[in-house]
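**Student:** Quick one, fold the following:
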Amino acid sequence: MAAFGFLVQLVGFVVTVILVSTWCNRLIQKWFRIESNTLPVFSWGIFLFFIVYLLGNLSRVPVDFVRGLYNAFLIIVPLTFLGWRWWTSTKSLFPFSKNFPLSRSSEQYWKAGLTAIFVAVSAYVGVYLEFPSDPIYHLSFIQNWEAIVTFQDAPLMQREGRFSYFLNHWLLSRSESDQLSRWEMDMLAATLGGMLFWSYLHWATHFRLSKLTLVVVGLFSIFAFGNSVFSFYRYYPLGSNLLTFVVFVEMMIFTMFEVFYRRRIHFLVLSIPLLLICVFNHRQEALLYINTIFGVAALSLVFMYKSLEPSIKRICLILTISAILGGIGVVLARPIISQTSFVLLPIFELGDHPYYIHGIPRTNEFLGVMGWVSIGIAGLLLLYRKTPRLLRLFSMIVLWPVIIIFNPATVDILIRVVSPDTLYRLMFGSHHWFFLAIVGGVFLKRKSLTRANWLRWVVFVIFGFGLTFQSNDPYYGRWKHFLYRPPPQLDGSELQPLVEYLRSQPIETCPDPIASQNSHLRIRSYVLANTYVNSYLATSGYFYTVSTRRGLFPGLHSPDPKFRLPYDRRFVLSVSESDTRSTPTMSDLTLEQFQQRLLETQFCYIVLYPRVLVPFSWTGFQSQHWHPYTAQTSHNYSTKYLDWIRNQPKLFEKIWQQEGIELYRFLGNR
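**Tutor:** As a prediction, this is how the structure comes out:
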């Protein structure tokens, strides 16, 4: 029953988002008195859910009230559509003109078919939750909403309080994800990734190329869309940036074709409400969009000055001058965030002030060979005067982020606003993987699919695959990660029975230690375990933990520090004799002192999982982001610690054991 309810809610959300966007687009077309198929397919519906969340957060209403409104949308919106269809006696599901974004056409069927294949493959491969990757962190923020009753406990501008985490938790609320059941998370990740995949296909249709271009766009995005070895579709669906990236891509569609190409400047008004989603959910996409606007304006003055209308010239001049003055203001008002970043490459000094560019190795880790090829082609197309104007505009979009990060003046401005270590993310705004597919579609455009034409397409796809065949330096292909399924011992799958057992225990056997202070919290108990186990306990949303995926340090996933239990950092670190960062070490403690520490920190459960042999992490090895054997947990335990837990039955009662995992209940706090 829970599975059926989850699927109904997920499908209802997608349908509601599409219907709301459909109606908003009709109003916009009527308002502007135009017909345009560049308007968003999802963003207006997402904005509806976002604005309700925003108002609820600002007014500090109970969380369940907003969830109730979300559930009401799933009923009211489809029923309103069906009633409107019956009242108007329309026969078509989407009775709109051929220029409408969701009109019935062969291209729509191609997009729907390709997206369905993408979602099916993504769901089969499953959600990516390998230890100690970022998706674990994102899932813990999602499940953190298990402990929140009012929005007062989830400040709007804090990471834990972001809209996407709240929305994803609502979508998972009818599932068993809080017990580490994975198939619901598989479906959610595949569906959200499918929305982004559709958005790129929708963008490609506006170039009016062969339908096979849609296939190439889909393949190239799987080949090269991401960072390092990580596929964007696999790594970020549970994060706050994927849904925001859907909004960003849809903004880029109407901005590129209506504002840049057809020069309908008033269309920029449509981006204002959508930018609110970016600002309050994941500000990176707002920066990418604004950076693109300024970049196209500046490059248009350089490469297309003679062809610009006087009014457009003035607008481009105003934007360019505003960007220059704003940059000067930032330099005068803000200090550099950090000059010790490993990604910055010093170029020269002016007086005592050093100037940097973005380092080549980190840039290559993002772009890979396909990215550099796209950058080179974009530069040639921009310099070639007979290049079609639409393709020149796209070349500007691709080139501008690279110009920014290799310009010492702009880098000096940006490192006062964003961390130097995240400067490479500006290149997400280049869409280089998508650009190369479009260029191929332009030169391979054929109305008749003869054997020779098919051969050209096959050769082009093989060429793109060859550029991304390897996942390591310098290729950085992402298709292997898109299809990669980590062993169960590396992604917490084997911990599901442990979590299910803990969740089945009556609250009375181990009550919430701070329930008297915060009776609204739904988390039950404090668990002492190693970093690997704690990372996945946190993703269930029902346990206090003392470490996160990055190591043994305080990691209670609560939006407010006042909810954190009293703990001693040194005690947490001193579990291992080899941990020299802690004083005193485990060898300095007596059993009585150890028991007293447990009483002070009010632990209830202790998990032992000292793994010596673990599978090799292909992702960790290829990306060099973590050690390939980092999931080995034997180093977290000292001999004395294991002896105390296993051989003191009056203090530690073994209540469950399975496949090397031992669960004990601490009896000293009774």
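**Student:** all contacts plus neighbour counts: C-alpha atoms, from now on.
**Tutor:** Noted.
**Student:** shaky segments in the protein?
**Tutor:** Flagging of the chain using pLDDT under 70 yields the residue ranges 1-2, 88-104, 157, 339-340, 446-452, 508-525, 546-588, 601, 669-670.
**Student:** ranges for the strands of it?
**Tutor:** Remark: strands assigned in the chain by DSSP state E are 226-227, 230-231, 344-350, 353-358, 525-528, 543-544, 605-608, 652-658, 661-666.
**Student:** Including mean neighbour count, could these go into CSV?
**Tutor:** Rendered in CSV, the data for these read as follows (neighbours: other CA atoms under 10 Å):
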stretch, mean neighbour count
strand 226-227, 25
strand 230-231, 24
strand 344-350, 13
strand 353-358, 18
strand 525-528, 22
strand 543-544, 25
strand 605-608, 21
strand 652-658, 15
strand 661-666, 21
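**Student:** Asp178 is nearest to which of those?
**Tutor:** Comparison of the strands of the chain against Asp178 by CA to CA identifies strand 543-544 as nearest, at 10.4 Å.
**Student:** Just send the strands of the chain back as a markdown table, with distance to Asn364 too.
**Tutor:** Shown next, in a markdown table, are the strands of the chain (distance: least, CA to CA, whole Å):
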| stretch | distance to Asn364 |
| --- | --- |
| strand 226-227 | 10 |
| strand 230-231 | 14 |
| strand 344-350 | 13 |
| strand 353-358 | 10 |
| strand 525-528 | 41 |
| strand 543-544 | 40 |
| strand 605-608 | 42 |
| strand 652-658 | 45 |
| strand 661-666 | 42 |
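**Student:** nearest to Phe469, of the ones you listed?
**Tutor:** Evaluated over the strands of the chain, closeness to Phe469 peaks at strand 230-231, with 13.6 Å, by CA to CA.
**Student:** elements contacting that closest one?
**Tutor:** On a contact count with 3 or more CA pairs under 8 Å, 6 or more residues apart in numbering; DSSP states H and E, strand 230-231 meets helix 479-483.
**Student:** now the helix it packs on: how far from the chain's centre is it?
**Tutor:** Offset of helix 479-483 from its chain centre (CA atoms, centre = their mean, to the nearest Å): 17 Å.
**Student:** just the CA coordinates of it, formatted as PDB?
**Tutor:** Taking only C-alpha atoms (Å, rounded to 0.1, in the frame of the first residue of the first chain), the coordinates of helix 479-483 have been written out as PDB:
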ATOM      1  CA  TRP A 479      28.800   7.400 -19.000                       C
ATOM      2  CA  LYS A 480      30.500   4.700 -16.800                       C
ATOM      3  CA  HIS A 481      29.400   6.400 -13.600                       C
ATOM      4  CA  PHE A 482      25.900   6.800 -15.100                       C
ATOM      5  CA  LEU A 483      25.700   3.000 -15.400                       C
END
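**Student:** Could you pull out the helices in the stretch 501-650 of the chain for me?
**Tutor:** Using DSSP state H, counting those that start in this stretch, the helices of the stretch 501-650 of the chain run over 531-538, 569-573, 591-601, 618-623, 639-646.
**Student:** Ok, which of the strands of the chain comes nearest Arg174?
**Tutor:** In terms of CA to CA, the element of the strands of the chain nearest to Arg174 is strand 543-544, at 19.3 Å.
**Student:** which helices and strands does that closest one pack with?
**Tutor:** Partner elements for strand 543-544 (3+ CA pairs under 8 Å, 6+ apart): strand 525-528.
**Student:** Provide the count of other residues in contact range of Ala3.
**Tutor:** Ala3 has 13 neighbouring residues, counting by other CA atoms under 10 Å.
**Student:** that older thread, who wins for proximity to Tyr200 among the strands of the chain?
**Tutor:** The minimum distance between Tyr200 and those falls on strand 226-227, with 14.1 Å, by CA to CA.
**Student:** most tightly surrounded among the helices of the stretch 501-650 of the chain?
**Tutor:** When neighbours are counted by mean count of other CA atoms under 10 Å, the highest per-stretch mean among the helices of the stretch 501-650 of the chain falls to helix 531-538, a mean of 26.
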